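Undergrad: sequence unknown, structure follows:
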Ligand SMILES: O=c1[nH]cnc2c(O)c(F)c(-c3ccc(F)cc3)cc12
Ligand SMILES: [Mg+2]
């Protein structure tokens with residue numbers, strides 16, 4: 001039967017990247033998306049902004065919502081201090097299966113815990129399952145209609161502390177208007193928009209960085 005796009009992306013990584021070299025995995029995926037098939041990775045332009053925010057925060061605890069094929073997981077994990085791990089949640093088992101292989105190919109499997117399931121169910125379980133009190137950095141990149149309910153879930157579950165940084169992809173395209181309205185008007189967040197473009201295109205998109213004020 002016909003392979004899936006994530007499976008073809010994995011093949012491109014195994015063919016063009018060097019095992020244990022995260023930079024080469026990132027480049028191989030970007031090359032695949034620019035020259036073979038578009039795919040919904042955060043991409044190189046928004047990825048560089050992600051890199052700069054992760055580097056600035058230098059987080060000890062990290063959560064990613066929406067693993068897809070692991071591209072942003074690799075981008076984040078490659079920047080973490082030794083001993084720091086990130087938790088990434090993926091709803092789609094086929095995506096998760098490919099992501100595990102791409103993360104392992106980059107040699108970052110020891111820095112990543114990939115959990116399969118819906119964020120709405122997993123977020124309330126995080127404290128007890130992973131011994132986390134609060135997150136220093138959260139990357140929202142799963143499904144636009146879940147951004148707002150999930151940030152409210154973070155608040156309700158006490159997973160944020162003064163200074164926790166949330167970075168959200170796709171706030172323009174596909175767009176998360178309710179989420180933007182919330183973080184930009186809430187007295188509990190300081191929000192800033194980073195303009196960019198939809199991955200591998202000239203379409204406008206951007207990232208919204210929101211710092212929890214307590
Ligand atoms: O569902 C998504 N989850 C996470 N990230 C996405 C993304 O970065 C996209 F560009 C898109 C996207 C898909 C099709 C389009 F025509 C435009 C954007 C979707 C997602
Ligand atoms: Mg995205």
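TA: Structure received. The structure presented is a predicted model; accordingly, all values stated were derived computationally and were not measured. Ligands and ions are numbered 1, 2, ... in the order given.
Undergrad: Show the pLDDT at the closest residue in space to residue 20 that isn't next to it in sequence.
TA: Nearest residue to residue 20, sequence neighbours excluded (Cβ to Cβ, 6 or more residues apart in numbering): residue 107, at 3.8 Å. For every residue, glycine as well, the C-beta is placed using N, CA and C. At residue 107, the pLDDT value in this model is 98.
Undergrad: And for residue 107, the neighbour number?
TA: Around residue 107 sit 17 other residues, with neighbours defined as other Cβ atoms under 10 Å.
Undergrad: And for the nearest residue to residue 139 once chain neighbours are set aside, the neighbour number?
TA: Leaving aside its sequence neighbours, residue 139 sits nearest to residue 64 (Cβ to Cβ, 6+ apart; 4.6 Å). Residues near residue 64, counting by other Cβ under 10 Å, number 26.
Undergrad: Tell me if I'm right that residue 64 and residue 80 touch.
TA: No - at 11.7 Å, residue 64 and residue 80 do not qualify as touching, with contact defined as Cβ atoms under 8 Å.
Undergrad: Identify the contacts common to these two.
TA: Taking Cβ atoms under 8 Å, 6 or more residues apart in numbering as the contact rule, residue 64 and residue 80 both touch residue 86.
Undergrad: can you give me the strands for this protein?
TA: Using DSSP state E, the strands assigned to the chain run over residues 61-65, 85-90, 112-116, 137-140, 165-168, 189-197, 204-212.
Undergrad: Make a markdown table out of those and add mean pLDDT and distance to residue 148.
TA: As requested, these are exported to a markdown table (pLDDT from 0 to 100; distance: least, Cβ to Cβ, whole Å):
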| stretch | mean pLDDT | distance to residue 148 |
| --- | --- | --- |
| strand 61-65 | 99 | 12 |
| strand 85-90 | 98 | 16 |
| strand 112-116 | 98 | 21 |
| strand 137-140 | 99 | 10 |
| strand 165-168 | 99 | 10 |
| strand 189-197 | 99 | 12 |
| strand 204-212 | 99 | 12 |
